[in-house]
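Asker: just need the structure, nothing else, for what follows:
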Amino acid sequence: MLNSELQNRRSTSFKVLYPDFPSITTLPRSVTLHQEMGKHDIVEIRYRSVTPSLYKSLQTGVPVEITWKNDKVSGVFRGYKNVVSFPIKQQQYRELKIICVGASYPLKEQSEKVWVNKTASEIANDIARKFKLKPVITSHPTRFTQQSLAGQSYWEKLNELATLIGYGVQVSGTELHFHPIDKMINQFMTVIPIMSFKDL
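Answerer: Alright, predicted model coming up:
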């Protein structure tokens, strides 16, 4: 298996785009992607020597797209800017840190809804389409007389349903995956590049 700590700089690359601000082309110093089944994808983007104007431009909810690859795998992260920290105190490098949440972020919306005579897979499909995510779902035969959404988010409901039937849920790019846990592990077990370059 590829050692994630030792990756050739010639075959490892990444690009960060802000669709609402195409003029922002500065390459970040580093990008760290955190992925875990049942949780939102989180990305930390760090810039060095960035002007306050960039800090002010990137408001909460601004779309972000990151493409990355190494010599084994490639991928795309699509999400939304959530938090920006810009140090006030004087330092040699005034690093700008941006925290982004994956395309599952809108699923944090709370609502009230009742599904009658539906399987967990059918409910997951319904939620995916509501939020314009591509459903990549393994069907499950268990049919529920009634499932309700009350006082919780769509994301919490998806995880509750997944736990009931031994499934896992994850949003990858703009796809909502809802599969048995063993299939999820096999599908997403890969090497994500460390987005900082080292000579070998």
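Asker: how many residues are close by residue 136?
Answerer: Burial measure for residue 136: 17 neighbouring residues, criterion other Cβ atoms under 10 Å. Just so you know, the C-beta spots here come from the backbone N, C-alpha and C atoms, and that holds for glycine as well.
Asker: so who does it touch?
Answerer: Taking Cβ atoms under 8 Å, 6 or more residues apart in numbering, we find residue 136 in contact with 175-179.
Asker: what helix or strand is residue 114 located in?
Answerer: Under the criterion of DSSP states H and E, residue 114 resides in strand 113-119.
Asker: pLDDT check: weakest of the contacts of residue 136?
Answerer: Least confident of the contacts of residue 136 in the model: residue 175, at 89.
Asker: and the contacts of residue 136, which of them are buried?
Answerer: 176-179 (16 or more other Cβ atoms under 10 Å).
Asker: for those, which one is nearest residue 63?
Answerer: Lowest distance from residue 63 to the buried ones among the contacts of residue 136 (Cβ to Cβ) belongs to residue 176, with 17.6 Å.
Asker: and the closest one, how close does it get to residue 128?
Answerer: Residue 176 is 4 Å from residue 128, where distance means Cβ to Cβ, to the nearest Å.
Asker: ok, residue 103 next?
Answerer: 11 Å.
Asker: for residue 97, same thing?
Answerer: For residue 97, the distance to residue 128 - Cβ to Cβ - is 31 Å.
Asker: tell me the first helix or strand C-terminal of the lowest-mean-pLDDT helix or strand in the chain.
Answerer: Ranked by mean pLDDT, DSSP states H and E, the weakest helix or strand in the chain is helix 52-57, scoring a mean of 68. Of the helices and strands lying after helix 52-57 in sequence (DSSP H and E), the nearest is strand 63-69.
Asker: adjacent strands (with direction) for that following strand?
Answerer: Sheet neighbours of strand 63-69, with direction, are listed as strand 13-17 (antiparallel), strand 74-85 (antiparallel) (DSSP bridges).
Asker: give the buried residues for that strand.
Answerer: Using 16+ other Cβ under 10 Å as the test for burial, strand 63-69 gives 64, 66, 68.
Asker: again, but for stretch 66-84
Answerer: Applying 16+ other Cβ under 10 Å to stretch 66-84 flags 66, 68, 70, 75, 77-82, 84 as buried.
Asker: what's the farthest-apart pair in those?
Answerer: The widest separation within the buried residues of stretch 66-84 (Cβ to Cβ) is 27.6 Å, between 70 and 84.
Asker: give me the three-state assignment for residue 33.
Answerer: For residue 33, the assignment made with DSSP: H, G, I helix; E, B strand; the rest coil gives strand.
Asker: what kind of secondary structure is the residue lying closest to it once chain neighbours are set aside in?
Answerer: Excluding the flanking residues, the one nearest residue 33 by Cβ to Cβ, 6 or more residues apart in numbering is residue 43, at 5.2 Å. Secondary structure state of residue 43, per three-state DSSP, is strand.
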